[in-house]
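**Student:** build me a structure from this.
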Amino acid sequence: MASIPVYYYSSVSNLTGRFAESLAARTGRAVFQLADAAVRHSEPDGPWVLLTPSYKAGNADEVTLPAPVRAFLRSPTTRRRLVGIIGSGNRNFGEYYQAAARELAVASGRPVLFEFELSGTPEDVEACGRILDDLDAALHEVSCTSTE
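**Tutor:** Sure thing, here's the model as predicted:
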């Protein structure tokens, strides 16, 4: 059974990147960094999950979704194949904690699968990994049912 890849953006702090790499190590799934222009200009072959940080720190005029994520989502095919969102945030952002993931979920009609703070904990990685494993199984079952 194939694992759904995770496309993520992490800034130079690499907080989100550490979580993505831990998730890849735990689940064996592919993770792709959207800071890489080649990744950002590609299109996923099938269903995929977005892992995005939020940067809105209290200014209502700030954009919450990082520019590389916005660029990746410009493709209608990429947007159509998105199946869920994982959010990274900082509770110091108050009401804007997880703003990017939550706003994108509303705009795309896709669910927020998991949220964590900063680079997450080992328990966060385990919990998120189980959610993604369940998603893999559900999508596999749907694809097997639709081909019968």
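**Student:** helices of the chain, start to end?
**Tutor:** 15-27, 37-40, 67-72, 76-81, 99-108, 122-147 (DSSP state H).
**Student:** which of those sits closest to Pro53?
**Tutor:** Closest to Pro53 of these is helix 15-27 (CB to CB; 4.8 Å). Every C-beta, even on glycine, is put in place using the N, C-alpha and C of the backbone.
**Student:** any idea of the mean pLDDT in that closest one?
**Tutor:** For helix 15-27, mean pLDDT is 93.
**Student:** helices or strands up against it?
**Tutor:** strand 6-8, strand 31-33, strand 48-53, strand 82-89, helix 122-147 (3 or more CB pairs under 8 Å, 6 or more residues apart in numbering; DSSP states H and E).
**Student:** correct me if wrong: Asp136 contacts Pro5.
**Tutor:** No. If you go by CB atoms under 8 Å, Asp136 and Pro5 don't touch, sitting 10.6 Å apart.
**Student:** before we move on, the earlier item: as JSON lines, the helices and strands packed on helix 15-27 with distance to Gly17 would be great.
**Tutor:** Supplementary listing: the helices and strands packed on helix 15-27 in JSON lines, determined by distance: least, CB to CB, whole Å:
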{"stretch": "strand 6-8", "distance to Gly17": "7"}
{"stretch": "strand 31-33", "distance to Gly17": "7"}
{"stretch": "strand 48-53", "distance to Gly17": "9"}
{"stretch": "strand 82-89", "distance to Gly17": "10"}
{"stretch": "helix 122-147", "distance to Gly17": "13"}
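**Student:** so can I have JSON lines of these showing mean neighbour count and mean pLDDT?
**Tutor:** Converted to JSON lines, the helices and strands packed on helix 15-27 look like this (neighbours: other CB atoms under 10 Å; pLDDT from 0 to 100):
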{"stretch": "strand 6-8", "mean neighbour count": "25", "mean pLDDT": "97"}
{"stretch": "strand 31-33", "mean neighbour count": "19", "mean pLDDT": "97"}
{"stretch": "strand 48-53", "mean neighbour count": "26", "mean pLDDT": "96"}
{"stretch": "strand 82-89", "mean neighbour count": "23", "mean pLDDT": "96"}
{"stretch": "helix 122-147", "mean neighbour count": "14", "mean pLDDT": "87"}
